[in-house]
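Novice: Structure for this input, please:
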Amino acid sequence: MGFIERHGLWNAEQTAAAREIQERAESGGMTVVRLVFADQHGLLRGKTVTMGELPNVLRDGTGIASSLLAKDTSGRTVFPLFTKETPLGLPELRGAAEMVMVPDPTTFRMLPWSPGTGWLLCDLRFTTGAPVPLCTRGLLRSVLDQADGLTYRTGLEVEFHLFRLDDPRLGPGDQGQPGAAPEVGMLNHGYQYLSELRYDELDPILDVLRANIEGLGLPLRSLEVEFGPSQVELTLQPADGLGTADAMVLLRSAVKQVAARHGHHATFMCRPHLPGVFSSGWHLHQSMLRDGVGIFAPENGELTASGPPLSPYGTAFLGGLLRHARATSAFSTPTLNGFKRFRSLSFAPDRAVWGRDNRGAMVRVLGDGPSSTRLENRIGEPAANPYLYLASQLAAGLEGVAGGLEPGPAADEPYAARAEPLPRSLGEALDALESDRMLADRLGKDFVAYYTSMKRAEITRFSQEVTDWEQREYFRVF
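Specialist: Here you go, the predicted model:
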């Protein structure tokens, strides 16, 4: 009996899917399988195994170093792993000990751009079979379990930049932690929102991306030219539960890999340090379903002139999103760079307000019936860990329902409304997260402590760097 069966880690659907993967491998056409998990930053880490090893993986999973959970976005280890101290209160991490990546067979894909390559998304377990509490996919699953049998449905609109790769900066002097950023060129001049001519300038590479995204089986809806130079947007069909988060980690990875293979550089960084670029956002559409039917839409007699066009459940869910907006921004906007997007009189929010189909509000209320009524939260950046973004949004909404929170009146002028401002920095967002006890209860206090410590180490490292701004401001005048 293998590790997976011994600990009862797969349900019937996963067991059946594993048999199909093995049968496909035996029929030929597959040479390797990439096993990956989404780390604390939403970046995919893992190993590639041969067909000879695949049966062992489908029986026992595969080991991987737990030190990956202690690293920031540069790959630096920010927690002690080789001392007598218990790292993060988890003795299983001492000495960078082994974890087990347990594949979820229902996530299997063949990668269209890499012939013969399969792909499997994994969950993390300790060697005892216990779940690793720092696994962000597991965290989202735990918050989904708090929804009292309701289904959390989400859809994404994600913006990113797509450049021509001029110089990958891979010389000996370019290495570092992190290494030098690549040099890139624009694919169009921008400033022509949804222009067909601008789209056609990008079509050669966008068509390659479309073919590979659809080849993965991801539910692509649209490809659009955004306002900024070399900026585009993709949207996906809504999905339930883990679906949107799983799709997002694969989508980001696919876009970057396919672009690189065709001489381009795709980045989901919110605001690249390039002349004239615009910030990119990730708008998350959300609704709750009971037995497949949306419950955010108001029924007869529930609609009021001053309140949102939502059911009492939807109204309280919206109230929770607004009440906990400052705390959840630590997950929806997890980089120092992302807070440069929150500007007045833009298509990004700067305060916690809602509006009826108003793109300046943080939450845009949309729809006119059970199947279409939803909340579009415009707070996120495309670099967010999808599991943490969705988990924090659902936790905030459920907390609003539990407390019967009211969202207040609509903001017809969202950039002038009297409302709580969104954090202006990552540090401010972390302060708000640490002080939000109700949200921490739903997400797990230990995880919140781990996450904030990780991010504060990132802030400390940034604060020790001398920036271009400081050089311009002080080097000559003083």
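
Novice: Averaged pLDDT, the top strand by length along the chain. What do you get?
Specialist: The longest strand of the chain (DSSP state E) is strand 151-167. What strand 151-167 shows for mean pLDDT is 96.

Novice: strands paired with that strand, and their directions?
Specialist: Here strand 151-167 is paired, per DSSP bridges, with strand 183-185 (antiparallel), strand 231-236 (antiparallel), strand 239-240 (antiparallel), strand 264-267 (antiparallel), strand 282-290 (antiparallel).

Novice: what does the last one rub up against?
Specialist: The reference is to strand 282-290. 147, 149-159, 238, 240, 244, 294-296, 313-314, 317, 332, 366, 373-378, 380-382, 384, 389-390, 393-394, 397 (CB atoms under 8 Å, 6 or more residues apart in numbering). Placement of C-beta: from N, CA and C, glycine included.

Novice: still on that earlier bit, out of the strands paired with strand 151-167, which is closest to residue 35?
Specialist: Among those, the nearest to residue 35 by CB to CB is strand 239-240 (22.4 Å).

Novice: Return the distance of the closest one from the chain's centre.
Specialist: How far strand 239-240 lies from its chain's middle: 15 Å, per CA atoms, centre = their mean, to the nearest Å.

Novice: what sits up against it?
Specialist: With contacts defined as CB under 8 Å, 6+ apart, strand 239-240 is touched by 151, 152, 153, 154, 155, 219, 247, 289.

Novice: Could you work out the most separated pair of those?
Specialist: Farthest-apart pair in those is 247 and 289; separation 18.0 Å (CB to CB).

Novice: who's more crowded, these two?
Specialist: Higher neighbour count among residue 247 and residue 289: residue 247, with 24 against 17, using other CB atoms under 10 Å.

Novice: so the more buried one makes contact with residue 217?
Specialist: No: Residue 247 is not in contact with residue 217 according to CB atoms under 8 Å; the separation is 9.5 Å.

Novice: Quick check: neighbours shared by the two?
Specialist: Residues touching both residue 247 and residue 217 (CB under 8 Å, 6+ apart): none.

Novice: the helices in this structure, which residues?
Specialist: Ranges of helices within the chain are 3-6, 12-26, 54-60, 136-144, 196-215, 243-261, 312-323, 325-332, 386-403, 426-435, 437-443, 445-463, 468-474, based on DSSP state H.

Novice: could you dump these to TSV with distance to residue 110 and mean pLDDT?
Specialist: Shown next, in TSV, are the helices of the chain (distance: least, CB to CB, whole Å; pLDDT from 0 to 100):
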stretch	distance to residue 110	mean pLDDT
helix 3-6	22	96
helix 12-26	9	97
helix 54-60	14	98
helix 136-144	21	98
helix 196-215	8	93
helix 243-261	12	98
helix 312-323	38	97
helix 325-332	32	98
helix 386-403	22	98
helix 426-435	38	97
helix 437-443	35	96
helix 445-463	34	95
helix 468-474	44	91
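
Novice: Any idea which of those gets closest to residue 105?
Specialist: Residue 105 lies closest to helix 12-26 among those, at 3.5 Å (CB to CB).

Novice: what's in contact with the closest one?
Specialist: 10, 30, 33, 51, 54-55, 58, 103-106, 108, 118, 120.

Novice: Who wins on neighbours among these?
Specialist: Neighbour counts for those peak at residue 103, which has 29 neighbours (criterion: other CB under 10 Å).

Novice: Find the nearest non-adjacent residue to that one, please.
Specialist: Distances taken as CB to CB, 6 or more residues apart in numbering put residue 120 closest to residue 103, at 4.1 Å, once the chain neighbours are dropped.

Novice: Look at that neighbour and report its pLDDT.
Specialist: In this model, residue 120 carries a pLDDT of 98.

Novice: What separation do you get for it and residue 299?
Specialist: Distance of residue 120 to residue 299, given as CB to CB, to the nearest Å: 43 Å.

Novice: same thing with residue 315?
Specialist: For residue 315, the distance to residue 299 equals 12 Å [CB to CB].

Novice: what does residue 39 give?
Specialist: Taken as CB to CB, the span from residue 39 to residue 299 is 43 Å.

Novice: For these two, work out which one has more neighbours and name it.
Specialist: residue 39 (19 against 10).

Novice: which residues does the closest residue to the more buried one other than its chain neighbours bridge with?
Specialist: With CB to CB, 6+ apart as the criterion, residue 39 has its nearest non-adjacent residue at 5.2 Å, and that residue is residue 45. Under DSSP bridges, the beta-bridge partners of residue 45 are residue 37.

Novice: got a list of what the residue most central in space within the chain touches?
Specialist: The structure's the chain has its C-alpha centroid closest to residue 386; by CA atoms, centre = their mean the separation is 2.3 Å. Residue 386 makes contact with 38, 42, 244, 245, 246, 248, 249, according to CB under 8 Å, 6+ apart.
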